[in-house]
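1. what's the 3D shape of this:
(one chain, ligands or ions: 2)
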Amino acid sequence: MIRAILTDIEGTTSSIRFVKEVLFPYAAEQMGDFLARHWDDPAVVEQMAAARQESGEALATPEQAAALMRAWIDEDRKATPLKALQGMIWESGYRNGDYQAHLYPDAARRLRDWHHQGFPLYVYSSGSVAAQKLFFGYSEAGDLTPLFQGYFDTTSGGKKEAASYRRISEAIGLPGHEILFLSDVEAELDAAREAGLHTVLLDRDNALPDGAHPRVTDFDAIDPASF
Ligand SMILES: CSCCC(=O)C(=O)COP(=O)(O)O
Ligand SMILES: [Mg+2]
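-> Numbering: from 1, shown residues only. Ligands and ions are numbered 1, 2, ... in the order given. Next up is the predicted model:
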């Protein structure tokens, strides 16, 4: 029986296009300026230390660091320091009203329904926890943060590693077989299933063949009671 639902964001609750064509370019454009202005802030110092560790580069100036961060954005690298910096940069964009996060209407509707039915809801995204809270706080469907019990990011591990889902199950306080994980990426679902979670593949473009995971094109087709 499912007792909690864990959802991915990009490609699952929300369009890939919004992330790739709005959020990532915004972060890339602001990165140089942001690092120059916040170079000595403790939160940035911490992420720069992590970026040096991951890259092996000296990153001695904001310009050098910005160039590497932009390269990582281009390759869609799910690096924790990049994700933390993106979250810091996106904050002002949301607060200034430069954009609102895209939410598929079916996702917003079903997340509200499941919350009202008593399912604890959680997010697991490569975006930082701070970025996730901004995303759902400033969404096209309004502030959805009251729906969620908790958020997980790459500090729990990579999304294609079964160990990450074991950590998340432990943090939620439920065995894997009582958690339903929703994602648009089969490799993430494979890892979640290896950790014992139930899975559903969101195939928003109805373009994928039937495979190892139940496949739906929207949240309306998901019935947590059917597992
Ligand atoms: C939290 S919003 C931005 C999402 C993001 O940065 C990203 O890399 C998307 O990853 P996801 O795990 O949600 O597919
Ligand atoms: Mg995704």
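2. how about the most centrally placed residue in the chain, nearest residue that isn't a chain neighbour?
-> Taking C-alpha atoms, centre = their mean as the criterion, Ser125 is the residue nearest the geometric centre of the chain, at 2.2 Å. Leaving aside its sequence neighbours, Ser125 sits nearest to Ile9 (C-beta to C-beta, 6 or more residues apart in numbering; 4.3 Å). Yep, even glycine has a C-beta here, placed from its N, CA and C like the rest.
3. hang on, isn't the one you found packed against Ser128?
-> No: look at Ile9 against Ser128 with C-beta atoms under 8 Å: they stay out of range, at 11.5 Å.
4. tell me the residues of this structure that contact ligand 2?
-> By C-beta under 5 Å from the ion, the residues of the chain that approach ligand 2 are 8, 10-11, 184.
5. just the buried residues of the residues you listed.
-> Buried by 16 or more other C-beta atoms under 10 Å: 8, 10-11, 184, out of the residues of the chain next to ligand 2.
6. dump those to CSV, plus distance to His38 and secondary structure.
-> Below are these laid out as CSV (distance: C-beta to C-beta, whole Å; DSSP: H, G, I helix; E, B strand; the rest coil):
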residue, distance to His38, secondary structure
Asp8, 29, coil
Glu10, 25, strand
Gly11, 30, coil
Asp184, 33, coil
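7. a helix runs through Glu57, doesn't it?
-> No: Glu57 is assigned coil when assessed by DSSP: H, G, I helix; E, B strand; the rest coil, not a helix.
8. what helix or strand is the residue lying closest to it once chain neighbours are set aside on?
-> With sequence-adjacent residues excluded and distances taken as C-beta to C-beta, 6+ apart, Glu57 is closest to Leu68, at 6.2 Å. Assigned by DSSP states H and E, Leu68 belongs to helix 62-74.
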